[in-house]
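> structure for the following, please:
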Amino acid sequence: QAKLVESGGGLVQAGDSLRLSCAASGRTFNTYGMGWFRQAPGKERELVAAIGSGGSTNYADSVKGRFTISRDNAKNTVYLQMNSLKPEDTAVYYCAATVSGSGSYYEDDYNYWGQGTQVTVSS
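As a prediction, this is how the structure comes out:
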């Protein structure tokens, strides 16, 4: 079983950047597909970005060109670099892992979840 711990959230102004990190326990991190999801108040949780075990990536249309997901298998860590942040990016951001290895869009495909980190973007 994998344990996921997110870090890097905070309060920033519109146009700023943040990098989120998700550290995973376990020896099989390199076989997991990893995703970043977010949930804003009153809204459903949605995929932000995902990366497969082979490095293929998927992004929500709302973040394409601004956010980049990457992984460092040597450090058992996945990152989400967020640039040009907007107030509508405000949400709790969750890291998730799927044993399928795919960079899936679908929340139900993910087996393990972190507890989330708050990102707040002021205008």
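
> test my guess that Tyr105 contacts Asn58.
Yes - between Tyr105 and Asn58 there is a contact at 6.0 Å, judged by C-beta atoms under 8 Å. The way it works is simple: take the backbone N, C-alpha and C, and place the C-beta from them, glycine included.

> who's more crowded, these two?
Counted by other C-beta atoms under 10 Å, Tyr105 and Asn58 do not tie: Asn58 has more neighbours, with 18 against 13.

> the more buried one pairs with what?
Beta bridges link Asn58 to Ala50, judged by DSSP bridges.

> returning to that earlier point: mutual contacts of Tyr105 and Asn58, please.
47, 50 (C-beta atoms under 8 Å, 6 or more residues apart in numbering).

> end-to-end on stretch 6-14?
End-to-end span of stretch 6-14 (C-alpha to C-alpha, to the nearest Å): 22 Å.

> how far is that stretch from where the chain is centred?
Centroid displacement of stretch 6-14 relative to its chain, using C-alpha atoms, centre = their mean, to the nearest Å, is 13 Å.

> ok so Thr120 is a helix residue?
No - Thr120 is assigned strand when assessed by DSSP: H, G, I helix; E, B strand; the rest coil, not a helix.

> is the most centrally placed residue in the chain in a helix, a strand, or coil?
Nearest to the geometric centre of the chain sits Trp36, at 2.1 Å (C-alpha atoms, centre = their mean). Of the three states, Trp36 takes strand under three-state DSSP.

> and the strands in the protein?
4-7, 10-13, 18-24, 33-39, 46-51, 57-59, 67-72, 77-82, 91-98, 112-113, 117-122 (DSSP state E).

> I'd like those strands as JSON lines, with mean pLDDT appended.
Below are these laid out as JSON lines (pLDDT from 0 to 100):
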{"stretch": "strand 4-7", "mean pLDDT": "97"}
{"stretch": "strand 10-13", "mean pLDDT": "98"}
{"stretch": "strand 18-24", "mean pLDDT": "98"}
{"stretch": "strand 33-39", "mean pLDDT": "98"}
{"stretch": "strand 46-51", "mean pLDDT": "97"}
{"stretch": "strand 57-59", "mean pLDDT": "96"}
{"stretch": "strand 67-72", "mean pLDDT": "98"}
{"stretch": "strand 77-82", "mean pLDDT": "98"}
{"stretch": "strand 91-98", "mean pLDDT": "97"}
{"stretch": "strand 112-113", "mean pLDDT": "96"}
{"stretch": "strand 117-122", "mean pLDDT": "98"}
